Structures are given as structure tokens and as C-alpha cells.
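Novice: No letters, just coordinates:
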Ligand SMILES: Nc1ncnc2c1ncn2[C@@H]1O[C@H](COP(=O)(O)OP(=O)(O)OP(=O)(O)O)[C@@H](O)[C@H]1O
């Protein structure tokens with residue numbers, strides 16, 4: 001369908017964003033946004049969600065506010081937008097006053113000498129700054145705020161794997177700014193999380209775009225974990241399949257990450273640990289070494305998570321049972337963002353489930369939910385007949401037949 005803005009839209013996509021064309025759903029989503037509707041976008045990792053709100057931001061007179069959960073991710077986005085000569089700011093709890101004032105000027109529509117189309121804000125900043133909330137309200141009333149984007153929208157749901165209490169405050173947006181346009185985006189959402197997102201953000205009328213969550217270039221496999229030979233087996237896999245290439249090994253505990261990284265080094269594989277027990281500087285150093293290909297394998301707890309967007313991760317290995325299918329999809333999904341064939345291998349032993357059960361015991365309220373999630377993972381690991389993709393995608397409410405797997409999981 002053609003709109004008044006179609007020509008302009010395609011030109012900006014080509015000449016500003018330097019994309020040869022749109023990917024599936026992108027143009028439709030952008031048209032829906034430019035038509036003024038709320039929008040709910042569910043697309044797998046690497047699907048190209050950012051363009052769906054960045055491009056309309058350039059086509060709209062006011063500022064677009066993006067709520068995003070990770071400062072490092074926001075900085076990356078702003079850096080890349082600035083490279084394309086698009087004005088963008090990143091506001092967190094640590095932003096200096098002078099920059100905040102510039103951002104407030106943009107919100108008021110006073111833009112002399114300031115180029116600003118997008119403002120990225122952490123949910124914490126939004127939740128705890130009354131001034132920001134007031135400025136947003138005024139900006140909206142004066143027609144200077146075009147819309148609000150909620151990235152990683154599953155963080156609003158306690159049923160999601162990355163619940164962030166401050167995201168809940170975003171539920172007040174529709175009542176504080178009546179009529180404000182909202183776009184919510186996520187790469188993971190079970191039907192329950194999806195319902196939660198719509199209800200909490202009050203976007204029940206939103207146009208929904210849902211793409212298949214299948215990642216055809218990923219190869220899924222579950223292997224039996226041999227406790228004493230675990231590191232050796234992993235090292236053998238890496239050396240035989242991806243020598244010198246990038247990967248992630250997820251372990252359950254900080255200690256295990258340290259042990260496993262040391263073992264990998266013994267096997268002459270360049271590896272570094274990443275977990276919450278390391279000081280900020282070491283953690284950042286290790287991540288940078290990995291991002292810049294100075295080390296090949298990062299051995300991490302799930303603290304190594306959101307915002308990892310290295311495109312050429314060739315393998316993601318889980319040395320123990322992930323906590324939930326949603327978590328597993330997200331973690332293993334860090335492989336192959338560049339579309340090339342990559343492996344997701346889960347080393348399974350039932351005794352790992354018992355360790356998880358024990359860890360959950362203290363947290364009485366969550367116990368049932370935690371146990372259900374774990375049981376689903378155990379089912380995933382123990383089945384020898386059902387397609388692994390089918391199991392994952394059914395969990396997300398997607399109808400997926402094993403014929404579409406094309407023998408790219410070990411059960412098929
Ligand atoms: N139409 C397009 N043509 C070519 N490349 C594109 C197009 N749209 C997006 N891309 C590229 O695809 C990559 C992934 O896009 P993006 O970061 O928006 O993914 P995402 O859906 O936000 O993933 P994640 O959930 O991991 O954040 C980026 O490098 C982006 O430049």
C-alpha cells in the first residue's frame with residue numbers, strides 16, 4: 001500500500017540508513033506508526049526492530065523517546081545514529097546536568113544549534129525523576145513529543161525472564177499522557193508475557209506484528225553431560241568445529257565460570273570469565289577483549305546478557321540446565337546474528353535440575369513458577385523424538401511443524 005510518505009520513507013531508508021530495501025514487516029510497521037496507531041512488535045533477535053522506530057522518528061516533527069533497559073546498549077545505539085548524522089541523546093542516572101538541560105530544551109522544542117530526534121532514557125531515570133515526567137507531559141501537551149518507544153518490553157512482566165520493577169512505572173504513561181502513541185518491542189514473549197505487556201502498558205488496541213521466532217541458521221542439540229569430562233568435551237567440540245572462532249559458554253555459578261575459563265586455557269582455547277563477582281573494570285575488560293576478537297570464548301553466568309550484539313558468535317554452549325525455555329531461547333539466540341550457521345549445544349544431566357530446585361527453595365513465592373519453568377526445560381532436554389525447534393516455538397505459542405526444521409536439530 002502506498003502512502004503520501006512512501007517515497008520519502010524509502011529514500012531515507014536508502015540514503016540515511018543505507019539499507020538497500022526493507023526487511024519483512026518493517027515498512028508495514030513504519031506505516032502503522034506514521035498513521036498514528038499504537039504498535040506491538042514481536043520479532044526475533046537481529047530482525048531489525050530498531051529501524052521500525054528510528055525511521056519514523058526522522059519523519060515526525062517532535063522528539064521520539066525510547067525507553068531501553070541497558071545503558072551500554074543505549075550508548076551503542078546513539079553512537080551508531082550519530083555516525084549516520086542523526087541527532088540522539090542518551091539519558092541515565094549519571095548524565096551530567098548540562099546534557100540533561102540540552103535534552104530538556106529538545107523536549108520543549110527549543111532546538112537552536114541542537115540536533116535531536118531521539119532521546120534514549122533508562123526506565124530508572126523515568127521512574128525516579130519527577131522533573132523528567134513533568135517535562136515529558138508538557139512536551140506532549142505542546143505537540144513536541146511524537147511518541148514513546150518501549151524497547152525490550154518483556155521487562156514489564158513479572159512472568160518474563162528479565163523483569164525490571166521500574167518498567168512497571170511505564171504503565172502510567174497512558175494515563176499521564178492521554179492519547180500518547182506507544183510502540184512496544186520485544187524479541188521474547190510467551191502468550192502470557194504478551195498479555196501482560198498489553199495490559200500493563202494499556203495498549204490493548206495496538207496493532208500487533210509478530211514474526212516467526214524460528215532462527216533457521218541455528219543448529220540445536222542436547223548432549224549428555226559427563227560431569228568429570230565436561231570441560232574436555234566442550235573443548236573438543238570447539239576445536240573440531242570452530243577453532244579460533246567466537247563463542248559463549250554459559251555456566252551456573254561464578255566459581256564454575258572461573259574453573260571453566262581456566263580449563264579452556266589449558267586446552268589452548270583463548271577464554272575469559274564474565275560474572276557478577278568480578279569488579280566492573282575486569283568485567284568490562286573481558287567483554288571488550290571478546291568483542292574485539294582478542295579472546296575467543298567468554299565463559300559466563302547469565303549476567304552476560306541483554307545488549308550483547310556481536311554478530312559472529314558461532315556457538316553458544318550451556319554447561320548446565322537453563323532456568324527456563326524463555327531464558328534458553330534468549331541466551332542461545334545470541335549465536336548467529338549475522339545469519340550464518342551456528343551451534344547451540346546444551347549439556348544436560350538430571351542432577352543439574354536438582355541443584356536448581358535447591359536454589360529455588362529459599363524463594364518460596366516464586367517456587368511454583370520456577371519449578372514449572374524448569375520442568376519445561378527438563379522435558380526439552382529429555383525428549384528424544386520431538387523436534388527441538390517445535391518445542392521452543394510451541395512454548396512461544398507459535399504453530400511450527402517439524403517439517404520446517406529441515407533436520408537442523410539433533411532429534412530431527
Ligand atoms: N532493512 C534492512 N536492510 C539491511 N539491514 C538491516 C535492515 N534493517 C535492519 N538491518 C540491520 O540488521 C541488524 C539488526 O538490527 P537491529 O539491531 O535493529 O535488530 P533487533 O531486532 O533490534 O535485534 P535485538 O533484539 O537483538 O536488539 C542491524 O545491523 C541493522 O543495521
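Specialist: That came through fine. Treat the numbers as computed from the prediction; the structure is a model and nothing was measured. Numbers count the residues shown, from 1 in each chain.

Novice: domains in the protein, as residue ranges please.
Specialist: Taking automatic domain parsing as the reference, the chain has its domains at 6-210, 218-404.

Novice: Now for the chain, the helix or strand with the poorest mean pLDDT.
Specialist: Ranking every helix and strand in the chain by mean pLDDT, DSSP states H and E puts helix 350-361 at the bottom, with a mean of 74.

Novice: List of residues touching that helix?
Specialist: Under the contact criterion C-beta atoms under 8 Å, 6 or more residues apart in numbering, helix 350-361 has outside partners 225, 227, 252, 320-321, 323, 366-367, 370-371, 374, 377-378. All C-beta atoms are positioned from the backbone trio N, CA, C, and that covers glycine.

Novice: Repeat the analysis, applying 6 Å as the threshold.
Specialist: For helix 350-361, the external contacting residues (C-beta atoms under 6 Å, 6 or more residues apart in numbering) are 320, 321, 367, 370, 374, 378.

Novice: Please indicate which of those residues has the highest neighbour count?
Specialist: Comparing the contacts of helix 350-361 by number of neighbours (other C-beta atoms under 10 Å), residue 321 comes first, having 25 neighbours.

Novice: got a pLDDT number for the residue in the stretch 151-300 of the chain positioned nearest to the ligand?
Specialist: Closest approach between the stretch 151-300 of the chain and the ligand, counting by C-beta to the nearest ligand atom: residue 187, at 3.9 Å. In this prediction, residue 187 carries a pLDDT score of 86.

Novice: Just confirm it contacts residue 46, I think it does.
Specialist: No - assessed by C-beta atoms under 6 Å, residue 187 is found out of contact with residue 46, at 8.4 Å.

Novice: Quick one: neighbours of the closest residue to the ligand within the stretch 251-400 of the chain, just the number.
Specialist: Nearest residue of the stretch 251-400 of the chain to the ligand: residue 309, at 5.7 Å (C-beta to the nearest ligand atom). Using other C-beta under 10 Å, residue 309 is surrounded by 14 other residues.

Novice: Secondary structure element for it, which one?
Specialist: Here residue 309 sits in a region with no helix or strand, counting by DSSP states H and E.

Novice: Residue 222 now?
Specialist: Assigned by DSSP H and E, residue 222 falls in strand 218-224.

Novice: can you list contacts of that strand?
Specialist: Contacting residues not belonging to strand 218-224 are listed as 335-336, 342-348, 381, 388, 408-410 [C-beta under 6 Å, 6+ apart].

Novice: Might you report the residue contacts of residue 257?
Specialist: Taking C-beta under 6 Å, 6+ apart as the criterion, residue 257 is in contact with 251, 273, 275, 299, 301.

Novice: Let me see the contact set for the third one.
Specialist: In this case it means residue 275. Residues in contact with residue 275, defined by C-beta under 6 Å, 6+ apart, are 254, 257, 301, 303.

Novice: got a pLDDT number for the last one?
Specialist: Same thing as residue 303. 83.

Novice: and what of residue 128?
Specialist: Residue 128 carries a pLDDT value of 89.

Novice: Need the phi and psi values for it.
Specialist: The phi/psi pair for residue 128 (degrees, to the nearest 10) reads phi -110, psi 0.

Novice: and it, how far is that from the ligand?
Specialist: Residue 128 sits at a distance of 25 Å from the ligand (criterion: C-beta to the nearest ligand atom, to the nearest Å).

Novice: Residue 291: neighbouring residues, count only.
Specialist: Neighbours of residue 291 under the rule other C-beta under 10 Å: 14.

Novice: Contact partners for it?
Specialist: Residues near residue 291 by C-beta under 6 Å, 6+ apart: residue 310.

Novice: one step back: buried subset of the contacts of strand 218-224, written for PyMOL?
Specialist: Those of those that count as buried under 16 or more other C-beta atoms under 10 Å are selected in PyMOL with:
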select buried, resi 335+336+342+343+344+345+346+347+348+381+388+408+409
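
Novice: Among the contacts of strand 218-224, which lie within strands?
Specialist: 342, 343, 344, 345, 346, 347, 348 (DSSP state E).

Novice: Pick the one among these closest to residue 285.
Specialist: Nearest to residue 285 among the ones in strands among the contacts of strand 218-224, counting by C-beta to C-beta, is residue 342 at 25.4 Å.

Novice: got the contact list for that closest one?
Specialist: Residues in contact with residue 342 (C-beta under 6 Å, 6+ apart) are 218, 314, 335, 336.

Novice: neighbours of the first one, just the number please.
Specialist: For residue 218, the number of neighbouring residues by other C-beta under 10 Å comes to 20.

Novice: So which of the contacts of residue 275 are in helices?
Specialist: Counting by DSSP state H, the contacts of residue 275 place 254, 257 in helices.

Novice: And the contacts of residue 275, which of them are buried?
Specialist: Buried positions within those, assessed by neighbour count (16+ other C-beta under 10 Å), are 254, 257, 301.

Novice: Make CSV from these and add distance to residue 127 to it.
Specialist: Shown next, in CSV, are the buried ones among the contacts of residue 275 (distance: C-beta to C-beta, whole Å):
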residue, distance to residue 127
254, 29
257, 32
301, 26
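
Novice: So which bits of the protein are right by the ligand?
Specialist: Listed as neighbours of the ligand in the chain under the rule C-beta under 6 Å from any ligand atom: 19, 22-23, 26, 43, 45-51, 187, 309.
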